[in-house]
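Engineer: For reference, the sequence and a predicted model appear below.
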Amino acid sequence: MGKASENERIKLRATYLNNIAVGLIVGGGFLPLFVLMQHTDSIIAVIEGQHVSISSYAAALSPVFVCVLAMFFGQDFRLRALNTLNELQD
């Protein structure tokens, strides 16, 4: 392969990794926050220290866990895309 075709392959791989990062951040980062808004009564009960069931704790904490995990992996894929672009040749 020539240098131009190799550079194009690298650009396509970086675009692919960047699109995965965007999908993770939008889908896995923002959607759980909307789910969290639906469970505000459970969250308030947990914060106030009221006796709540285990499912209320799970309803309050699972969207936060998913959000943090998605943001972490989104950032990881974004850094992989940037590192891939460093492989470009002049």
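Structural biologist: On my side now, so go ahead.
Engineer: Contact partners for residue 80?
Structural biologist: residue 17 (C-beta atoms under 8 Å, 6 or more residues apart in numbering). Using the backbone N, CA and C atoms, a C-beta is placed for each residue, glycine as well.
Engineer: So for the helix or strand encompassing it, what gets flagged as buried?
Structural biologist: Using DSSP states H and E, residue 80 falls within helix 54-85. By 16 or more other C-beta atoms under 10 Å, the buried positions in helix 54-85 come out as 56, 59-60, 63, 66-67, 70, 73-74, 77-78, 80-81, 84-85.
Engineer: chain center to it: distance?
Structural biologist: Relative to its chain's centre, helix 54-85 lies at 4 Å (C-alpha atoms, centre = their mean, to the nearest Å).
Engineer: And for stretch 17-34?
Structural biologist: Distance of stretch 17-34 from the chain centroid (C-alpha atoms, centre = their mean) equals 5 Å.
Engineer: Not counting that stretch itself, show me its contacts.
Structural biologist: With contacts defined as C-beta under 8 Å, 6+ apart, stretch 17-34 is touched by 62-64, 66-67, 69-71, 73-78, 80-81, 84.
Engineer: change it to 6 Å
Structural biologist: 63, 66, 67, 70, 71, 73, 74, 77, 78, 80, 81 (C-beta atoms under 6 Å, 6 or more residues apart in numbering).
Engineer: Spatially central residue in the chain, please.
Structural biologist: What sits nearest the mean C-alpha location of the chain, by C-alpha atoms, centre = their mean, is residue 70, with 2.6 Å.
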